[in-house]
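A.B. asks: Everything below, folded, please.
(2 chains)
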Amino acid sequence: MNQTNRSILDKQVEATIGTLLRTGVIVSALFVLTGGILYLTRYASSPIDYRLFHGEPSDLRSISGILNDALAFHSRGIIQFGLLLLIATPVARVAFMVFAFAYVRDWIYVLITLIVLALLVYSLGPWHL
Amino acid sequence: MVIVPLLTLAFGVDMRYAIGASLISVIATSSGSAAAYVKEGYSNIRVGIFLEIATTLGALAGAFVAVYLRFSVIAVILGLVLLYSAYVSFRPPGGGPGGGRPDPIASLLNMDGTLPTPEGPKPYHVYRVPAGFSLMFVAGALSGLLGIGSGAIKVLAMDRLMRLPFKVSTTTSNFMIGVTAAASAGVYLNRGYIDPGLAMPVMLGVLGGSLAGSYVLSSANVRLLRLVFSTVIAALGFEMIFNGCTGRFGP
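C.D. replies: Okay, the predicted model is just below:
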């Protein structure tokens, strides 16, 4: 591929990445905000002491637990779902880049991007506890 | 980068919660401002994704090691990184040792790019890929250990070692920070270190700031920004080291 084609492609990929990241951040912020408002209306009068570490309950640690909590309309679950979406946003960017590199048959970069994606999926999984 | 010192020193928040909330703020800042940077076309996505292998591996390693370290040790390491960031940001960019040949690995991986300038695209080469890759692993490890973006070290690797143009280094680093922090955040979420009640105000506050900041970056007084940034970071660095050594974070 010549330099001009490559830079045009890179521009398109970058534009899509920009939209993807912006959308991810806005959507996750909306969930966090909604959950936060619910949380404050319910628990504003009972402050939590963050000087002591308790660790989150198991339902706020795993993807399935967070989904269940959010669907049950628990305020902390909704915030945590928003945070999970935020963490997933850069992961989605990497996943998109796998397709972008595959589209231009840049197989070395498909491989490189897949390695990064695998590491990210590994980090989010429960298997390393 | 200032979130962990702020939460632990000013509000007395437990180090684990503070690191969890900080990672969330790092992802929000990176993704929020990347959306604005991307239009300018400075970032080098090939260099970025290649180095993300090193940063995500480092982040996982750092996040795993963090469990076995005392808070006082983590506080002192964070303090040293803050001091170092303050020092680095105070030096003018682009002072890396000159000479040498562009790295053949960079040519093989098609990493060389062009910098948009008012006179049209200006091509640049990429140097010392293995050295940059190694330093990126360190940057990732510090990110996973301390809950920071390690932007200063990432820029150091790309600007000084790999000799990318400064704007390319900073914008590419910004992309990589989100991916690095996501790897660490996954581990911290599984461990129960990310608390929704604490991360919520931190994320929303930081997002507002980063959206505002990225729009004024191109017109901002860089020298003044650097001075303010360095001073704040250095002060927090000394505070973290002092409090770590005097056992405020526990033995």
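A.B. asks: The closest residue to B:T170 other than its chain neighbours and A:I78, how far apart?
C.D. replies: Among residues not flanking B:T170 along the chain, B:V155 sits closest, at 5.7 Å (CB to CB, 6 or more residues apart in numbering or on different chains). Every C-beta, even on glycine, is put in place using the N, C-alpha and C of the backbone. Using CB to CB, to the nearest Å, B:V155 is found at 36 Å from A:I78.
A.B. asks: go on, B:E40?
C.D. replies: B:E40 is 35 Å from A:I78, by CB to CB.
A.B. asks: where exactly do the helices run in the chain?
C.D. replies: Unless you meant another one, I'm taking chain A. A:3-43, A:63-71, A:75-103, A:107-124 (DSSP state H).
A.B. asks: Chain B was what I was after
C.D. replies: B:3-5, B:11, B:15-37, B:45-66, B:71-90, B:104-108, B:129-146, B:151-156, B:166-190, B:196-216, B:222-245.
A.B. asks: tell me the mean pLDDT over the shortest one?
C.D. replies: Helix B:11 shows a mean pLDDT of 89.
A.B. asks: So for the most centrally placed residue in chain A, what's the pLDDT?
C.D. replies: Geometric centre of chain A, nearest residue: A:A88, 1.6 Å, by CA atoms, centre = their mean. A:A88 carries a pLDDT value of 95.
A.B. asks: Just list the residues touching the residue nearest to it when sequence neighbours are not counted, thanks.
C.D. replies: Leaving aside its sequence neighbours, A:A88 sits nearest to A:G24 (CB to CB, 6+ apart; 7.2 Å). With contact taken as CB atoms under 8 Å, 6 or more residues apart in numbering or on different chains, A:G24 is in contact with A:L85, A:L86, A:A88, A:T89, A:A92, A:R93, B:S31.
A.B. asks: Format those as TSV; extra columns: distance to A:A72.
C.D. replies: Below are the contacts of A:G24 laid out as TSV (distance: CB to CB, whole Å):
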residue	distance to A:A72
A:L85	17
A:L86	21
A:A88	20
A:T89	24
A:A92	25
A:R93	30
B:S31	28
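A.B. asks: near chain A, which residues of the stretch 1-150 of chain B?
C.D. replies: Neighbours of chain A within the stretch 1-150 of chain B, by CB under 8 Å from any CB of the partner chain: B:7, B:11-14, B:16-17, B:24, B:27-28, B:30-32, B:34-36, B:38-39, B:41, B:43, B:45-46, B:49-50, B:52-53, B:56-57, B:59-60, B:63-64, B:109-110, B:113-114, B:121.
A.B. asks: To clarify, my last question referred to the stretch 151-251 of chain B.
C.D. replies: Counting by CB under 8 Å from any CB, the stretch 151-251 of chain B sits next to chain A at B:175, B:178-179, B:181-187, B:189-201, B:203-204, B:207.
A.B. asks: Having no further points to raise, I will conclude here.
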